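S.K.: sequence unavailable; structure follows:
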């Protein structure tokens, strides 16, 4: 994970030595979630210390008793106050940690717990936990893409689910981190962003073959959905697909249109995608 060169030692003073950085890197390798929380806490502590300094600077000092000793005491007191205000539930460090987790593709335990709360009722409808979680995780991004394209959010979530195996077969970067590319969008010559190069299956003359291909990589799932919306909305070959979806075309019509437009080489792509769309719609109705 990306680390910061800041570290707080036992006396809560700021340390920038190499050992502190290496210690945080080692912790990241052992336990990414814990290291993210620690990094977020350190950022919040530094921020609170700067707030305290700003507050002190805006207060007029008498000058009569001010010296290096009183200044040091004041700084130590400010550091203690900053430490007490750091790491509170719902505070800045929680927000920073959530952002870092999203960027690294690491699940937020609290968010996941909230996401899976309705599971007992859905379990009776034979809805697997990872299916429910995937649909709810991408609901907001899909709705934003629906606003941009007119394609139903359920169709887009289903296509992301089909391409990524409900999030279990995501395209990975060389270092093992996620590319956030849940739509399997290739990195063609006009793509200027980062790339993930992986082995995939393509159907050539109707026969599956393993090939190495380059795929687009994003900074978040939201960015992936936005790029998907641009790809379909601004590409003439998908114009008919988008138009029919906007007019209320069903799952089969949408899936067949994508296959006809050449979105994938699998000859069974349309039928497979249509089944996933129907599953997604059924689960969303159960969640409503």
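M.R.: Looks like it arrived, so ask away. Since this is a predicted model, take the numbers as computed values, not measurements.
S.K.: hang on, residue 271 in a helix?
M.R.: Yes - assessed with DSSP: H, G, I helix; E, B strand; the rest coil, residue 271 lies in a helix.
S.K.: hang on, it packs against residue 255?
M.R.: Yes - Residue 271 lies in contact with residue 255 (C-beta atoms under 8 Å); the separation is 7.3 Å. For every residue, glycine as well, the C-beta is placed using N, CA and C.
S.K.: more crowded one of the two?
M.R.: Legend: neighbour count by other C-beta atoms under 10 Å for residue 271 and residue 255, higher for residue 255 (26 against 13).
S.K.: quick one: low-confidence residue ranges for this protein.
M.R.: 1-37, 40, 44-45, 47-75, 77-95, 97-126, 287-288 (pLDDT under 70).
S.K.: how is it partitioned into domains?
M.R.: 7-104, 109-287 (automatic domain parsing).
S.K.: so where do the strands sit in the stretch 151-288 of the chain?
M.R.: 195-204, 207-216 (DSSP state E, counting those that start in this stretch).
S.K.: give the buried residues for the last one.
M.R.: The reference is to strand 207-216. 213, 215, 216 (16 or more other C-beta atoms under 10 Å).
S.K.: packing partners for it?
M.R.: With contacts taken as 3 or more C-beta pairs under 8 Å, 6 or more residues apart in numbering; DSSP states H and E, strand 207-216 sits against strand 195-204.
S.K.: repeat the analysis, applying 10 Å as the threshold.
M.R.: Helices and strands touching strand 207-216, by 3 or more C-beta pairs under 10 Å, 6 or more residues apart in numbering; DSSP states H and E, are strand 195-204, helix 221-233.
S.K.: now do the first one
M.R.: Judged by 3+ C-beta pairs under 10 Å, 6+ apart, strand 195-204 is in contact with strand 207-216.
S.K.: which residues touch the strand it packs on?
M.R.: Applying C-beta atoms under 10 Å, 6 or more residues apart in numbering, the contact partners of strand 207-216 are 171-173, 179-181, 183-188, 191-204, 223-224, 227-228, 231, 265-267.
S.K.: before we move on, back to that, right, and the helices and strands packed on strand 207-216 - which one's nearest residue 46?
M.R.: helix 221-233 (27.7 Å; C-beta to C-beta).
S.K.: buried set for the closest one?
M.R.: 221, 222, 223, 224, 225, 226, 227, 228, 229, 232.
S.K.: what of stretch 173-180?
M.R.: 173, 177, 178, 179, 180.
S.K.: kindly check the end-to-end length of it for me.
M.R.: 10 Å (C-alpha to C-alpha, to the nearest Å).
S.K.: contacts for that stretch, please.
M.R.: By C-beta under 10 Å, 6+ apart, stretch 173-180 touches 1, 102-106, 164, 167, 170-172, 181, 185, 187, 194-198, 215-225, 227.
S.K.: out of the buried residues of stretch 173-180, which one sits closest to residue 151?
M.R.: residue 180 (19.4 Å).
S.K.: and residue 176, how far from residue 184?
M.R.: 18 Å (C-beta to C-beta, to the nearest Å).
S.K.: then residue 194?
M.R.: 16 Å.
S.K.: and those two? which has more neighbours close in?
M.R.: residue 184 (20 against 13).
S.K.: quick check: closest non-adjacent residue to that one.
M.R.: Spatial nearest neighbour of residue 184, excluding adjacent residues (C-beta to C-beta, 6 or more residues apart in numbering): residue 163 at 4.1 Å.
S.K.: the one you found contacts residue 258, doesn't it?
M.R.: No - counting by C-beta atoms under 10 Å, residue 163 stays clear of residue 258, with 11.1 Å between them.
S.K.: what is in contact with those two at once?
M.R.: 264, 269, 273.
S.K.: please identify, among the residues you listed, the one with the most neighbours.
M.R.: With neighbours taken as other C-beta under 10 Å, the top of the shared contacts of residue 163 and residue 258 is residue 273, carrying 26 neighbours.
S.K.: close enough to count as contact, residue 166 and residue 159?
M.R.: No - Residue 166 is not in contact with residue 159 according to C-beta under 10 Å; the separation is 11.8 Å.
S.K.: what touches both of these two?
M.R.: In terms of C-beta under 10 Å, 6+ apart, residue 166 and residue 159 are both contacted by the residues 182, 276, 280.
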